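**Q** The amino acid sequence is not available; the structure is as follows:
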């Protein structure tokens, strides 16, 4: 999540092709490289596809913002998992026309009202990936809350 500073933050990533097809290693900052490729026969299937990374990016952005917002509401989360499904367009460019996020949360004090509020704030003002996607991609969010026994 971005800070409230008026100074613009610049994020830098780098990819380097590592074979004669389209297998790349990508880095950001001092993090370990990730393998990016495409499915055969175009690629060798040696890494995440770009659209898989986009789904992971949206999932982690929503998961992070919801976790932080619920924490600010003094809620306790013992587990949070997000499964993302992206339906691709049939015409080129074959990006996503719809993304469905299924959030499974385990908590002894998160209720539907808190979750709805956290998701609304995440969409409207916290998660930049969601902000980038929502005007061109239908995004559906489903969640289930498993209550833990204290």
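**A** Looks like it came in fine. Not measured: the values here are computed from a predicted model.
**Q** which outside residues touch the helix or strand encompassing residue 68?
**A** Element membership for residue 68, per DSSP states H and E: helix 50-72. Helix 50-72 has contacts (Cβ atoms under 8 Å, 6 or more residues apart in numbering) with 1, 34, 36, 38, 48, 77, 80, 82, 84, 86, 88, 95-96, 99, 101, 103, 107, 110, 114-115, 117-119, 121-122, 126-130, 133, 139, 141. C-beta coordinates here come from the backbone N, C-alpha and C atoms, glycine included.
**Q** Would you mind measuring from residue 18 to residue 48?
**A** Distance, residue 18 to residue 48, by Cβ to Cβ, to the nearest Å: 14 Å.
**Q** list the buried ones in the helix holding residue 68?
**A** Burial within helix 50-72, assessed by neighbour count using 16 or more other Cβ atoms under 10 Å, is assigned to 54-55, 57-59, 61-67, 69-70.
**Q** likewise stretch 124-134?
**A** 126, 127, 129, 130, 133.
**Q** Make CSV out of the buried residues of helix 50-72 and add pLDDT.
**A** CSV is the format used below for the buried residues of helix 50-72 (pLDDT from 0 to 100):
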residue, pLDDT
54, 98
55, 98
57, 98
58, 98
59, 98
61, 98
62, 98
63, 98
64, 98
65, 98
66, 98
67, 98
69, 98
70, 98
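**Q** Residue 38: neighbour count?
**A** Using other Cβ atoms under 10 Å, residue 38 has 19 other residues around it.
**Q** Please give me every residue in contact with it.
**A** Residue 38 touches 22, 45, 49, 50, counting by Cβ under 8 Å, 6+ apart.
**Q** quick check, nearest of these to residue 149?
**A** Among the contacts of residue 38, residue 49 lies closest to residue 149 (Cβ to Cβ), at 40.5 Å.
**Q** ok, then the element right after whichever strand or helix holds residue 129?
**A** Here residue 129 is covered by helix 128-133, with elements defined by DSSP H and E. Of the helices and strands lying after helix 128-133 in sequence (DSSP H and E), the nearest is strand 138-147.
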